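1. I would like to see how this sequence folds:
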Amino acid sequence: MQPHWDDLKVFLAVARFESLSAAGRILKIDPATVGRRIARLEEALRAPLFAKSPQGYALTGEGQRLMERAARAEQEMTAAFEDIPGHGGRLSGQIRLGSPDGSANFLLPQVCAQIVQDNPDLEVQIVALPRVFNLSRREADMAIAVSAPLAGRLSVQKVTDYKLSLVASKGYLRDAAPLQSLEDLRHHRIVGYIQDMIFDKELDYMAEAGLPHVDLASNSVSVQFNWIRQGAGIGIVHDFSIPFGQDIVRVLPEEVNLTRSFYLIRHVDDRRLDRLNRFAEALACGMRREVARLEAQT
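-> Have a look, this model is predicted:
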């Protein structure tokens, strides 16, 4: 029995998302069909490709070896289509972008909307999760990160610096204790990250900013932002998010002013793909432009 080429596409989806149902949603087929296609491929190869557990479908040793070769074959097929004359011009197809929720909420919607407006046949998916994305497993085609990874077959491009400030709503400041120095922060409610859920050292800026404690904590930047917007306390936010919060103002700007950077992370093999190169260039230019525009409004 010979393997079916189409089954490799199903195999890659299950390997990347570790679930029949998740793979089925991506491929737009039902999970039972996904399961049958995997069983057919395993029978053809006479090898178990996945170990099923309550956590999902994990690759076996044979599955991992097939994953590496199948991913390379997928890249070659994509590159082959891009080499066909007349295939260039506007971007098309689907591109999945991973991002922490700060940039995903306040930068990427307008940037990606403009890219899609310029390329009507393009579909962009933004996966907003507070964690590091595994591009080798193809959780995304590329990802925004707040620090440059030091390991893996990855291409890293610094996109732009951005600033963060200590802020509060005017309503909170009107009713709260006086705030004239960092020492006064001990009398205020502080909004920040859940310490043991900080996924990148660049987000651990409590000590650097001189914040004494956290009273309202979340792993989500958006939750923190909304607490501050609603007058629940004082916290650190991206300067580019400040225009989205009515009546949010900086406090102690001389004492607390942080600078961080965004990086665009890609799998090194994808540098050969013109479509992803052009999208990455448009994304980086759009992010730089949008950070500058929003920070100028604060």
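
2. who's in contact with I29?
-> Listed by CB atoms under 8 Å, 6 or more residues apart in numbering, the contact partners of I29 are V10. Backbone N, C-alpha and C define where each C-beta goes, glycine included.

3. Surely it is within a strand?
-> No - I29: not assigned to a strand; according to DSSP: H, G, I helix; E, B strand; the rest coil it is coil.

4. and Y263, what helix or strand is that in?
-> Using DSSP states H and E, Y263 maps to strand 257-267.

5. what mean pLDDT would you report for that strand?
-> Averaging pLDDT along strand 257-267 gives 94.

6. cool, and stretch 66-84?
-> Stretch 66-84 comes out at a mean pLDDT of 70.

7. the helices in this protein, which residues?
-> Ranges of helices within the chain are 5-17, 20-27, 31-45, 61-82, 101-106, 108-118, 170-175, 206-209, 221-229, 274-295, based on DSSP state H.

8. hey, least reliable of those helices by pLDDT?
-> helix 61-82 (a mean of 76).

9. still on that earlier bit, winner for burial among the helices of the chain?
-> Compared across the helices of the chain, helix 101-106 shows the largest average neighbour count, a mean of 23 (mean count of other CB atoms under 10 Å).

10. got the buried residues for stretch 141-155?
-> 141-147, 154 (16 or more other CB atoms under 10 Å).

11. on that earlier part again, which among the helices of the chain is found nearest to E255?
-> helix 206-209 (8.4 Å; CB to CB).

12. Run the chain-centre distance for that closest one.
-> Its chain's average C-alpha position is 24 Å from that of helix 206-209, according to CA atoms, centre = their mean, to the nearest Å.

13. what does that helix contact?
-> By CB under 8 Å, 6+ apart, the residues outside helix 206-209 that reach it are 166, 192-193, 195, 214, 236, 256, 258.

14. what's the pLDDT at R96?
-> Taking R96 on its own, its pLDDT is 89.

15. contacting residues around it?
-> 124-125, 127, 139-141.

16. farthest pair in those residues?
-> V124 and E139 (15.5 Å).

17. Show me what the strand holding Y263 is packed up against.
-> Applying 3 or more CB pairs under 8 Å, 6 or more residues apart in numbering; DSSP states H and E, we find strand 257-267 packed against strand 142-145, strand 154-169, helix 274-295.

18. In CSV, list these along with distance to W5.
-> Converted to CSV, those look like this (distance: least, CB to CB, whole Å):
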stretch, distance to W5
strand 142-145, 26
strand 154-169, 28
helix 274-295, 21
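
19. Looking at these, spot the one closest to S21.
-> Comparing the helices and strands packed on strand 257-267 by CB to CB, strand 142-145 comes nearest, at 23.4 Å.

20. how far does the closest one sit from the chain's center?
-> Distance of strand 142-145 from its chain centroid, counting by CA atoms, centre = their mean, is 5 Å.

21. For it, output the C-alpha coordinates as PDB.
-> The C-alpha trace of strand 142-145 is given here as PDB (Å, rounded to 0.1, in the frame of the first residue of the first chain):
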ATOM      1  CA  MET A 142       6.000  33.800  11.900                       C
ATOM      2  CA  ALA A 143       5.800  35.400  15.300                       C
ATOM      3  CA  ILE A 144       6.300  38.700  17.100                       C
ATOM      4  CA  ALA A 145       8.500  38.400  20.200                       C
END
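
22. Show me what that strand packs onto, helices and strands only.
-> If contacts are counted by 3+ CB pairs under 8 Å, 6+ apart, strand 142-145 sits against strand 93-99, strand 257-267, helix 274-295.

23. average pLDDT across that strand?
-> In the prediction, strand 142-145 has an average pLDDT of 93.
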